[in-house]
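Participant: Coordinates for the following, if possible.
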Amino acid sequence: MTLIEGDALASKHRFAPAVLSALDDALAAAPHGRLLLVANLPYCVATPVISNLLARPRPFDAAIVTVQRELAERMTAAAGDPSYNALSVWIGSQCRGEIVRMLPPSVFWPRPKVESAIVRLDVDRARREAIRDLHRFQTFVRDVFCHRRKLLQGVLVRLAGGKADPRARSRAEHALATLGLGPSARAEEIEPDLFVRLERGFYDDGPGV
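Facilitator: Coordinates of the predicted model:
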């Protein structure tokens, strides 16, 4: 088992590259061991650190991190929750996540102006393996959530080439219909595992692709 301790790494401006470098060193030293990330993540880089680690061929096995409360809620949010966004889908499609404990400002020195939370993420290998292309899926989720409150069918038509492309509408309709989703579906209502199937159907299984 290899443990990466976030507090031992570089300053916040170089934190994300330092974590990735530490991960490479840890894997080189113990390529077949379990990899655990334990960190009090600087709030300004918590999202890219977790996102980038999950985008790698070999991510952490489990992570226990302290982050700002609002971010913790986004990391663990379910579909339909006001906090649910692209990060929720990206993490939920690969991990089992939970908020372990809320932390008031009084437990830190100096005291921050925000509440914090300890989050645990356990990578689920079966969920990751269901994603055919991590980079493509991550890009798809980001693109869709740029228009999270719009009708998903219209967003997919746009991604497929726009209304001027006669195949775009049929491609979008097919991707939704195969999952039992109607034309009124919205991104913020779709669970992570369904998002994985939607992306796969949109790119790999639809008509004309």
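
Participant: Grab the most central residue of this protein for me.
Facilitator: The structure's the chain has its C-alpha centroid closest to residue 90; by CA atoms, centre = their mean the separation is 2.1 Å.

Participant: correct me, but that residue touches residue 51?
Facilitator: Yes: using CB atoms under 8 Å, residue 90 is in contact with residue 51, at 6.3 Å. Quick note: C-beta positions are derived from backbone N, CA and C, even for glycine.

Participant: quick one on the thing from earlier: what's in contact with the host helix or strand of the residue nearest to the centre of the chain?
Facilitator: Using DSSP states H and E, the secondary-structure element containing residue 90 is helix 86-92. Contacting residues not belonging to helix 86-92 are listed as 47, 50-51, 54, 74-78, 81, 97, 121, 138, 141-142, 144-145, 190-193, 195 [CB atoms under 8 Å, 6 or more residues apart in numbering].

Participant: Strands - which of these land there?
Facilitator: Among the contacts of helix 86-92, the ones falling in strands (DSSP state E) are 97, 121.

Participant: Generate the ChimeraX command that creates a selection of the buried members of the contacts of helix 86-92.
Facilitator: Buried residues within the contacts of helix 86-92, by 16 or more other CB atoms under 10 Å, are selected in ChimeraX with:
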select :47,50,51,54,74,75,76,77,97,121,138,141,144,145,190,191,192,195
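
Participant: okay, now residue 67: neighbour count?
Facilitator: 25 (other CB atoms under 10 Å).

Participant: If we go by neighbour counts, what in stretch 148-168 is buried?
Facilitator: Neighbour-count burial for stretch 148-168 [16+ other CB under 10 Å]: 152-153, 155-160, 168.

Participant: How about stretch 96-113?
Facilitator: With burial defined by 16+ other CB under 10 Å, the residues of stretch 96-113 counted as buried are 97, 103.

Participant: Show me the contact partners of it.
Facilitator: Applying CB under 8 Å, 6+ apart, the set of residues contacting stretch 96-113 is 64, 66, 69, 72-73, 75-76, 91, 114-122, 124.
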